[in-house]
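>>> have a look at this fold, sequence not included:
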């Protein structure tokens, strides 16, 4: 009888694409950290395209022939990421006004998804890491809500850079969990 290695996000041969998305998110976050004078217009465009890329990858993972366990979360996340990404790249004026709220929605969604992943994978050794990640993503999302309400652009700039660096590392680490385990 085969032993199955199941996790919340599933396993796929395209795990390396998810790793590339994580690296791109980290690079985008550092670019915004070091060049904040570029402003919201450039940041919202860059992150809008990164969200579209992340959404495409998530839709490809969920629509593959060998759909992984948890493919519904990938589908929902891909649709939300692409929706937010297209809204950000469509209108610079709109994106500058609602940029913090869009990011809050994305981070709160992924925080909830990570908490659910931790609960559903409690049999795994490091399930608590998903729980901590989910809580941190929720906190970042709520900080974005607060920054948008206050219209504090410096806080949003700092949070944007920090959040995308953190999110990129999270996605990159999650990609290794998606790597298929070779069967003997």
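Thanks, I have it. Predicted model, so just to flag it, every value in this text is computed and none were measured.

>>> separation between the closest residue to residue 33 other than its chain neighbours and residue 35?
Leaving aside its chain neighbours, residue 33 sits nearest to residue 161 (3.8 Å; criterion: CB to CB, 6 or more residues apart in numbering). Where C-beta positions appear, they are placed from N, C-alpha and C, glycine not excepted. Separation of residue 161 from residue 35 (CB to CB, to the nearest Å): 10 Å.

>>> what does residue 137 give?
From residue 137 to residue 35 the distance is 25 Å (CB to CB).

>>> now residue 84
Computed as CB to CB, the residue 84 to residue 35 distance reads 22 Å.

>>> just residue 160 next, same as before
12 Å.

>>> looking at the two, which is more packed in?
Between residue 160 and residue 35, counted using other CB atoms under 10 Å, the more crowded position is residue 160 (25 against 12).

>>> in this structure, where is pLDDT below threshold?
1-10, 37-41, 148-152, 183-184 (pLDDT under 70).

>>> just give me the longest helix of it.
Assignment by DSSP state H gives helix 92-120 as the longest helix of the chain.

>>> can you tell me which helices and strands the following helix or strand past that one packs against?
As assigned by DSSP states H and E, the chain's next helix or strand after helix 92-120 is helix 127-150. Counting by 3 or more CB pairs under 8 Å, 6 or more residues apart in numbering; DSSP states H and E, the packing neighbours recorded for helix 127-150 are helix 92-120, helix 153-178.

>>> so which elements touch the longest one?
To tie it back to what came earlier, the one meant is helix 92-120. Using 3+ CB pairs under 8 Å, 6+ apart: helix 92-120 touches helix 39-62, helix 71-90, helix 127-150, helix 153-178.

>>> next: the last one.
Using 3+ CB pairs under 8 Å, 6+ apart as the contact test, the elements touching helix 153-178 are helix 15-34, helix 39-62, helix 92-120, helix 127-150.

>>> that helix relative to helix 15-34, how many degrees between them?
Using axes from the mean of the first three to the mean of the last three CA atoms, to 10 degrees, the direction of helix 153-178 lies 160 degrees away from that of helix 15-34.

>>> picking up where we left off before, so which of the helices and strands packed on helix 153-178 is nearest residue 176?
Closest to residue 176 of the helices and strands packed on helix 153-178 is helix 15-34 (CB to CB; 7.1 Å).

>>> in the closest one, which residues are buried?
For helix 15-34, burial by neighbour count (16 or more other CB atoms under 10 Å) applies to 15, 17-19, 21-22, 24-26, 28-29, 31-32.

>>> and the furthest pair within those?
Maximum pairwise distance among the buried residues of helix 15-34 (CB to CB): 26.4 Å, between 15 and 32.

>>> and for residue 56, the neighbour number?
Neighbourhood size, residue 56 [other CB under 10 Å]: 16.
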